[in-house]
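Asker: just coords:
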C-alpha cells in the first residue's frame with residue numbers, strides 16, 4: 001500500500017492540531033510522518049511539507065493554562081461578567097483598558113468555550129455554571 005495518502009492525512013491532521021493549540025498531539029503526528037519518511041528516502045515534496053509543519057509547530061506558543069480544556073481564563077471571566085451589562089464592545093474595551101478587537105477576541109473565545117452564540121446565551125450559561 002502506498003504511504004502517500006497516509007502522509008497527506010498526517011500532515012493535514014498536524015495542521016489542524018497546531019491551529020487548535022494541541023502541540024503535544026501535533027508533535028506526535030509529525031513524529032509518525034517522520035518515521036514513514038525515513039522508510040522512503042525519495043519522497044518528493046513530502047520532506048519539505050513536513051519541515052513546514054514542524055516550523056509552524058515551533059512558532060506556536062504553548063497554550064496558557066485553562067485555554068484548551070474549556071475553562072475560562074481570568075480575563076475571559078472579566079469580559080463575561082461585563083457581558084451582563086448592555087455596554088457596547090467599545091465601552092467594555094475602555095473599562096478593561098484594551099482595544100475593542102481584543103474584547104471581541106475574548107468574547108469569541110468565551111462563546112466557543114461555553115458553546116453559545118450570543119451575549120444573552122453566554123450570560124445564561126455563566127449563571128447556570130455558577131461562573132458569575
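Answerer: Sure thing, it's come through. Here the structure is a predicted model, which is why all the values come from computation and not from measurement. Residues are numbered from 1 along each chain as shown.

Asker: SS state for residue 125?
Answerer: helix (DSSP: H, G, I helix; E, B strand; the rest coil).

Asker: pretty sure it is in contact with residue 117, am I right?
Answerer: No. Using CB atoms under 8 Å, residue 125 makes no contact with residue 117, being 10.9 Å away. Just so you know, the C-beta spots here come from the backbone N, C-alpha and C atoms, and that holds for glycine as well.

Asker: Would you mind giving the domain segments of the protein?
Answerer: 4-59, 74-128 (automatic domain parsing).

Asker: Could you give the number of residues near residue 24?
Answerer: By the criterion of other CB atoms under 10 Å, residue 24 has 9 neighbours.

Asker: my bad, residue 11
Answerer: Neighbour tally, residue 11, other CB under 10 Å: 17.

Asker: Okay, residue 96 and residue 128: tell me how far apart.
Answerer: 24 Å (CB to CB, to the nearest Å).

Asker: more crowded one of these two?
Answerer: Set residue 96 next to residue 128 and count neighbours by other CB under 10 Å: residue 96 wins out with 15 against 9.

Asker: ok, now which ones touch the more buried one?
Answerer: 75, 78-79, 82, 103 (CB atoms under 8 Å, 6 or more residues apart in numbering).

Asker: can those residues go into CSV with extra columns for secondary structure, pLDDT and distance to residue 1?
Answerer: Converted to CSV, these look like this (DSSP: H, G, I helix; E, B strand; the rest coil; pLDDT from 0 to 100; distance: CB to CB, whole Å):
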residue, secondary structure, pLDDT, distance to residue 1
75, helix, 91, 49
78, helix, 93, 53
79, helix, 94, 50
82, helix, 95, 55
103, helix, 93, 51
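
Asker: can I assume residue 10 is in contact with residue 35?
Answerer: No. Counting by CB under 8 Å, residue 35 is not a contact partner of residue 10; they are 10.0 Å apart.

Asker: neighbour count winner among the two?
Answerer: Higher neighbour count among residue 10 and residue 35: residue 10, with 24 against 9, using other CB under 10 Å.

Asker: hang on, the earlier thing: which of the contacts of residue 96 count as buried?
Answerer: 75, 79, 82, 103 (16 or more other CB atoms under 10 Å).
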